[in-house]
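Trainee: task: produce atomic coordinates for the following.
(one chain, ligands or ions: 1)
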Amino acid sequence: MSAPKRFPASLKTAAAPQREVLMPQRHLRQATADAAKLARPSGTGLDSGAVRERMVARLRAEGTFNETVLAAMAAVPRHEFVDSALAAQAYEDTALPIGHGQTISKPSVVAHMLGLLMAGSGARQRGTLGRVLEIGTGCGYQAAVIALLARQVTSIERVQGLHDKARQNLQRLALPRAPRLIWGDGRIGHAASGPFDSIIAAAGGEDIPPAWTEQLAPGGRLIAPTAASGRGQVLVVLDHLVDGGVSRWVRSEHEAVLFVPLKSGVL
Ligand code: SAH
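Mentor: Model prediction:
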C-alpha cells in the first residue's frame with residue numbers, strides 16, 4: 001500500500017467566525033457580554049492538531065482503519081461542528097446532538113464507513129473517492145472529511161436548519177474543494193451532480209432507494225445503513241460492477257448499526 005496522504009494540521013481560515021447578529025436595541029455592554037458568552041472556548045487545546053492525533057491514535061488502537069481516512073480525520077476540527085457546550089467531548093468516540101433531534105456520527109463509525117468506501121475497486125484504482133454523494137449532511141462534519149478524500153462532494157440534507165448550519169460550519173474551514181450542499185430529500189439522490197463513484201448515507205432506511213443505485217457509476221460503491229431481515233439495521237455495501245459491458249450490482253451486509261431514520265420530504 002502506498003503511504004497515506006498528509007493533510008494540514010489545521011484547516012481553519014483566518015476569518016473570525018460570525019456567530020450571531022446582536023440585537024441592535026440592547027445596551028452595548030450587555031451585547032458585548034452576550035457576545036463573549038457565545039465565543040468558542042479558547043485555551044482548551046482544541047485548536048491544536050495534537051488533540052485530533054490522540055483521537056486517531058485511540059481509533060488505531062481499537063481497530064484497523066484506512067490510514068488515509070485517519071489522516072483526513074486528523075485534519076478536520078470536529079469541535080467546530082458541535083455546540084460550544086459540547087466542544088470538550090468532540091474528540092471522544094461518541095455521537096453528539098446537533099439539534100433538530102439529529103446527531104453527528106461517532107468518529108469510529110465515520111472512519112469505518114469511509115474505509116469501506118475507499119476499499120471499493122474504483123476508489124482503490126484512483127486512490128480517491130472520486131465524485132461523492134452524501135445523504136444526510138447534518139452539521140457537515142463528515143462532508144468536510146470526505147472533501148479531503150474526494151474530487152467532488154455533493155451533500156443533501158432534508159432539514160433546512162441543519163443545511164444552513166452545515167454551510168456556516170464549512171465556510172469556516174479552508175477546504176481544498178467546498179462540498180456542494182443541497183437542501184432536499186436525499187432519497188431521490190442528485191442526478192444533476194452524478195453519476196457518483198461513491199455514495200454514503202448517514203441515515204438508515206428500510207431499503208436502498210432506486211435513485212441511488214441508478215446514480216452509482218460503473219465501478220462505484222455505495223454504503224448505507226439499511227434494515228435487514230431479522231438483523232435490525234446493518235451497513236449494506238452495494239458495488240456496481242461491469243463485466244464484458246454488462247452491469248451487475250453486488251450487495252453485501254456488514255455489522256449491525258444504529259443510525260437516525262432516513263425520512264422522506266423536507267423540513
Ligand atoms: N453526516 C452527518 C450526520 C448527520 S445524522 C454529520 O457528520 O453530522 C443524519 C442526517 O440525515 C440528519 O441530519 C437527518 O436530518 C438527515 N436525513 C434523514 N433523512 C434524510 C433524507 N431523506 N434526505 C436528506 N437528509 C436526510
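Trainee: tell me the contacts of the residue nearest to A72 when sequence neighbours are not counted?
Mentor: Spatial nearest neighbour of A72, chain neighbours left out: L148 (4.0 Å); criterion: CB to CB, 6 or more residues apart in numbering. All C-beta atoms are positioned from the backbone trio N, CA, C, and that covers glycine. By CB atoms under 8 Å, 6 or more residues apart in numbering, L148 lies in contact with F7, A72, A75, V76, L175, P176.
Trainee: and those as a markdown table, adding neighbour count, secondary structure and pLDDT?
Mentor: Below are these laid out as a markdown table (neighbours: other CB atoms under 10 Å; DSSP: H, G, I helix; E, B strand; the rest coil; pLDDT from 0 to 100):
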| residue | neighbour count | secondary structure | pLDDT |
| --- | --- | --- | --- |
| F7 | 19 | coil | 81 |
| A72 | 25 | helix | 97 |
| A75 | 22 | helix | 95 |
| V76 | 24 | coil | 96 |
| L175 | 19 | coil | 92 |
| P176 | 10 | coil | 89 |
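Trainee: name the nearest of those residues relative to the ligand.
Mentor: V76 (10.0 Å; CB to the nearest ligand atom).
Trainee: please verify my assumption that the closest one contacts G140.
Mentor: No. If you go by CB atoms under 8 Å, V76 and G140 don't touch, sitting 9.9 Å apart.
Trainee: strands of the stretch 51-200 of the chain, start to end?
Mentor: Ranges of strands within the stretch 51-200 of the chain are 96-99, 102-104, 131-135, 152-157, 180-183, 196-201, based on DSSP state E, counting those that start in this stretch.
Trainee: count of neighbours near S84?
Mentor: Around S84 there are 14 other residues, counting by other CB atoms under 10 Å.
Trainee: list the beta-bridge partners for the nearest residue to T137 once chain neighbours are set aside.
Mentor: Excluding the flanking residues, the one nearest T137 by CB to CB, 6+ apart is E157, at 3.7 Å. Beta bridges link E157 to W183, judged by DSSP bridges.
Trainee: beta partners of V153?
Mentor: Bridge pairing for V153 - DSSP bridges - gives V132.
Trainee: how about the residues of the protein by the ligand?
Mentor: Contact residues, the chain versus the ligand (CB under 6 Å from any ligand atom): 98, 102-105, 135-136, 138-139, 141-142, 156-159, 162, 185-187, 202-203, 260, 262-264.
Trainee: which among those residues end up buried?
Mentor: Buried by 16 or more other CB atoms under 10 Å: 98, 102-105, 135-136, 138-139, 141-142, 156-159, 162, 185-187, 202-203, 260, 262, out of those.
Trainee: excluding chain neighbours, what is closest to P4?
Mentor: Nearest residue to P4 in three dimensions, chain neighbours excluded: E67, at 3.7 Å (CB to CB, 6+ apart).
Trainee: in stretch 189-209, what counts as buried?
Mentor: 189-190, 193-205, 208-209.
Trainee: give me the distance from stretch 130-150 to the chain's centre.
Mentor: 4 Å (CA atoms, centre = their mean, to the nearest Å).
Trainee: let me fix that, I meant to ask about stretch 170-185.
Mentor: Distance, centroid of stretch 170-185 to centroid of chain: 11 Å (CA atoms, centre = their mean).
Trainee: what about it, start to end distance?
Mentor: Counting by CA to CA, to the nearest Å, you get 21 Å between the two ends of stretch 170-185.
Trainee: cool, stretch 91-100 as well?
Mentor: 22 Å.
Trainee: with stretch 77-84 instead?
Mentor: Distance between the two ends of stretch 77-84: 13 Å, counting by CA to CA.
Trainee: low pLDDT regions in this structure?
Mentor: Low-confidence segments of the chain (pLDDT under 70): 1-3, 9-10, 12-44.
Trainee: nearest residue to the middle of it?
Mentor: Centroid-nearest residue in the chain, with CA atoms, centre = their mean: Q142, separated by 1.5 Å.
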